[in-house]
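Engineer: dropping the sequence and predicted coords here.
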Amino acid sequence: MPTHPPSGAAVLQPEVTASIVAAVLAELVERGYGRLAMEAVAKRAGTSKSALYRRWSGKQEMVLAVLADISVPMADVVETGDLRRDMRAAAESMAAWLAAEPYAKIIPDLIAEAHRTPALAEAIAVSIAKPRRAHLRSLLTRAIDRGDLPADTDLEMAQDLVAALIYWRTVVRQAPAEPHYLDHVTDTALRALRATRTDTRA
């Protein structure tokens, strides 16, 4: 039996989606996650609430889908096989994400809201944090396979080392992550990761 492409309400028009995405980002900057409303997004995007609900089940899914579609690819760096260069690229990518508009305003607000809403915190971890961390984890895993890092490297700690330093500087201290600072972060992390564990055997 021949099939026909969907029409009318079933079609998710790319230009409408793009307008909605822009509206979501603008509303997050102006109102924050807690005060963001589907009605306001639809009005700003020049569309209907039904257009939003055809794409997402509600506010949380909409916001996180929009942010994930942009934020997760930003963590993907081109690996060269040179661990120091690759780690430096990952650090620069992290700093660029946290400093770029509109994310410099959106991310701190979203994290603050997540502290008050456990379900949101879990959704952020699943849709944004874990996929972003997976890029760096993959880079580190291949470095271990090449012998560039010890086989017993704690991958969770390794990922935290770079992210925590940059987050503290750019978001908490509101200071710029200049190139020389990213160099220092990279070298500090590598020294820590390459340090061998003390052999406690008798």
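Structural biologist: Done, it's in. Everything numeric in this text was worked out from a predicted model, so none of it was measured. Numbers count the residues shown, from 1 in each chain.

Engineer: burial measure for A164, as a count.
Structural biologist: Residues lying near A164 (other C-beta atoms under 10 Å) number 13. Using the backbone N, CA and C atoms, a C-beta is placed for each residue, glycine as well.

Engineer: quick check: which element contains the spatially most central residue of the chain?
Structural biologist: The chain has S71 as the residue nearest its centroid, 4.2 Å off, counting by C-alpha atoms, centre = their mean. Mapping S71 onto the secondary structure by DSSP states H and E places it in helix 59-74.

Engineer: now Y33: closest residue in space, sequence neighbours ignored.
Structural biologist: E113 (4.6 Å; C-beta to C-beta, 6 or more residues apart in numbering).

Engineer: pull the residues that contact the helix or strand containing the one you found.
Structural biologist: For E113, the host element (DSSP H and E) is helix 103-116. Residues outside helix 103-116 that contact it (C-beta atoms under 8 Å, 6 or more residues apart in numbering) are 25, 28-29, 32-34, 63, 67, 71, 97-98, 120-121, 124, 170-171.

Engineer: with stretch 125-133 instead?
Structural biologist: Counting contacts by C-beta under 8 Å, 6+ apart, the residues outside stretch 125-133 that touch it are 64-65, 67-68, 71-72, 74-75, 159, 163.

Engineer: which residues touch R55?
Structural biologist: R55 sits next to 12, 17, 20, 62, 65 when contact means C-beta under 8 Å, 6+ apart.

Engineer: among those, which ones are buried?
Structural biologist: 17, 20, 62, 65 (16 or more other C-beta atoms under 10 Å).

Engineer: any idea how far the second one lies from R142?
Structural biologist: Computed as C-beta to C-beta, to the nearest Å, the I20 to R142 distance reads 37 Å.

Engineer: next: the third one.
Structural biologist: Computed with C-beta to C-beta, the distance linking M62 and R142 is 35 Å.

Engineer: and for M38, the neighbour number?
Structural biologist: M38 has 16 nearby residues by other C-beta under 10 Å.

Engineer: what's the pLDDT at it?
Structural biologist: According to the prediction, M38 has pLDDT 97.

Engineer: number the chain from 42, please
Structural biologist: Done: numbering now begins at 42, and the last item shifts to M79.

Engineer: right, and it touches Q101 too?
Structural biologist: No: applying C-beta atoms under 8 Å as the test, M79 and Q101 come out as separate, 10.8 Å apart.

Engineer: the biggest helix by length in the chain packs against which elements?
Structural biologist: What stands out as the longest helix in the chain, according to DSSP state H, is helix 55-76. Helix 55-76 is packed against helix 79-86, helix 90-94, helix 100-115, helix 144-157, with contacts defined by 3 or more C-beta pairs under 8 Å, 6 or more residues apart in numbering; DSSP states H and E.
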